[in-house]
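In: Next comes the sequence, and after it the predicted model I'd like to discuss.
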Amino acid sequence: METVVSGIRSTGNLHLGNYFGAVKNFLKMQHENRCFFFIADYHSLTTHPTPEDLHGNVRQILSEYLACGIDPDVATVFIQSDVPEVTELYLLLNMNAYLGELERTTSFKEKARKQPNNVNAGLLTYPVLMAADIIIHKATKVPVGKDQEQNLEMTRRFARRFNNMYKVDLFPEPTAYNFGEELIKIPGLDGSGKMGKSEGNAIYLTDDPAVIRKKVMRAVTDSGPTRENQEMSEPVRNLFTIMKVISSEETYNHFLEEYNKARIRYGDMKKQLAEDIIRFTTPIRERVEEIRNDNEYLRKVVRQGAEKARESASKTLREAREIIGFKPF
Ligand code: TRP
């Protein structure tokens, strides 16, 4: 049994890529491990400091995760800013985080380039806060994508540095949660690359049917195979990849055969794919709507989550403070 921590950015709705790349694995993982899933609302301030949006974004993303089946009675589901202990550990870790190493991280350099007028200290110390999120629960595993590997490396470094500095064994060094075979990358509908918010090619779980149909029908293909068993072009292969996770095996095999016999009509395939996506997302979309309007339920979920998270966090923080040398009078 591992202790797993995963922070979820509070900006951007869930799309099919998020679902099949991460959320679906969380659903299984939560039953097998001690899991902490939290909405990283402090982190969102480094790039999206808009008071009018903050609460709504958190409510939306929380509702989406719950609608997908993250179970707050099984996992600890909480809001980062409800756990003040993490900010204290962040402060303590900052004392041993060096300007040079923080400046060198790829995500910092990238964001500094993107928002040159707002290169704030929060952006610089983003990996320190992330490390605090993780090690405050003594996590051993963190389910992260490629883009977060460097941040996880920094987490290990800060944990190790603390342990070495004080000659203790307080923090385990967490590694990436390995989904193994189940790691599926969902491509976008624009012919190449993965599905992503910033790529502008995503189908969201909360898109309504008309939007889904429009997006799928517009997906990039090619002029069609001219001979049997012709190798697929990337855009077409991408459509098949999405169909494989969404549609039934019969449907997938049917269109694959059509392709291999060089008689496929992409229009038919897209129509079918759109309907299958709609069938998959509709119950989730409806649950999201229900949950986000059920304030009483949401309040109960975050309260219970905060309580469980704080219990775990305050225990570690107490140990860290003592090790550093803080003593009561
Ligand atoms: N940096 C992560 C992201 O952008 C979000 C995050 C914050 C996180 N704290 C975390 C992820 C702790 C895992 C563990 O997606």
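Out: Yes, it's here.
In: ok, now which ones touch the closest residue to residue 162 other than its chain neighbours?
Out: Leaving aside its sequence neighbours, residue 162 sits nearest to residue 171 (Cβ to Cβ, 6 or more residues apart in numbering; 5.9 Å). Heads up, the C-betas are built off the backbone N, CA and C, glycines and all. Residues near residue 171 by Cβ atoms under 8 Å, 6 or more residues apart in numbering: 135, 138, 159-160, 162-163.
In: Compute the first-to-last residue distance for stretch 71-90.
Out: 28 Å (Cα to Cα, to the nearest Å).
In: just the strands in the chain please.
Out: 3-9, 34-40, 76-79, 141-142, 175-176 (DSSP state E).
In: Does anything pack onto the fourth one? Which helices or strands?
Out: Applying 3 or more Cβ pairs under 8 Å, 6 or more residues apart in numbering; DSSP states H and E, one finds that strand 141-142 contacts strand 3-9, strand 175-176.
In: hmm, it touching the ligand?
Out: Yes: Strand 141-142 is in contact with the ligand by Cβ under 6 Å from any ligand atom, via residue 142.
In: What distance do you get for the residue nearest to residue 162 to the ligand?
Out: 14 Å (Cβ to the nearest ligand atom, to the nearest Å).
In: can you redo the strands of the chain as a markdown table with mean pLDDT, distance to residue 99 and mean neighbour count?
Out: Putting the strands of the chain into a markdown table (pLDDT from 0 to 100; distance: least, Cβ to Cβ, whole Å; neighbours: other Cβ atoms under 10 Å) gives the following:
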| stretch | mean pLDDT | distance to residue 99 | mean neighbour count |
| --- | --- | --- | --- |
| strand 3-9 | 94 | 24 | 22 |
| strand 34-40 | 97 | 23 | 24 |
| strand 76-79 | 98 | 30 | 24 |
| strand 141-142 | 96 | 25 | 22 |
| strand 175-176 | 94 | 26 | 16 |
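In: Now distance to residue 19 too, for those strands, in a markdown table please.
Out: Shown next, in a markdown table, are the strands of the chain (distance: least, Cβ to Cβ, whole Å):
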| stretch | distance to residue 19 |
| --- | --- |
| strand 3-9 | 13 |
| strand 34-40 | 14 |
| strand 76-79 | 17 |
| strand 141-142 | 19 |
| strand 175-176 | 19 |
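In: Which positions in the stretch 151-300 of the chain make contact with the ligand?
Out: So far as Cβ under 6 Å from any ligand atom goes, the stretch 151-300 of the chain lies against the ligand at residue 151.
In: switch to 8 Å and redo it
Out: Proximity of the stretch 151-300 of the chain to the ligand, by Cβ under 8 Å from any ligand atom, involves residues 151-152, 155.
In: before we move on, back to that, what about the helices and strands packed on strand 141-142, which gets the closest to residue 247?
Out: Comparing these against residue 247 with Cβ to Cβ, the closest turns out to be strand 3-9 (27.6 Å).
In: so what does that closest one touch, helix or strand wise?
Out: strand 34-40, helix 41-44, helix 51-68, helix 126-135, strand 141-142.
In: wait, which of the ones you listed is closest to residue 284?
Out: With Cβ to Cβ, the closest approach to residue 284 among the helices and strands packed on strand 3-9 belongs to helix 51-68: 5.3 Å.
In: For whatever residue of the chain ends up closest to the ligand, give me its contacts.
Out: Here the chain gets closest to the ligand at one residue, residue 7, 2.5 Å apart by Cβ to the nearest ligand atom. Counting by Cβ under 8 Å, 6+ apart, residue 7 makes contact with 38-40, 43, 80, 130, 133.
In: ok, now residue 27?
Out: 68-70.
In: Mind doing that once more with 6 Å?
Out: Applying Cβ atoms under 6 Å, 6 or more residues apart in numbering to residue 27 gives the contacts residue 69.
In: cool, and residue 151?
Out: Contacts for residue 151 (Cβ under 6 Å, 6+ apart) come out as 127, 130.
In: confidence score at it?
Out: The model reports residue 151 with a pLDDT of 95.
In: State the distance from it to residue 106.
Out: Noted for residue 151: a distance of 9 Å to residue 106, by Cβ to Cβ, to the nearest Å.
In: again with residue 78
Out: Note on residue 78: its distance to residue 106, by Cβ to Cβ, is 28 Å.
In: now the stretch 51-200 of the chain, which segments are flagged as low pLDDT?
Out: 180-183 (pLDDT under 70).
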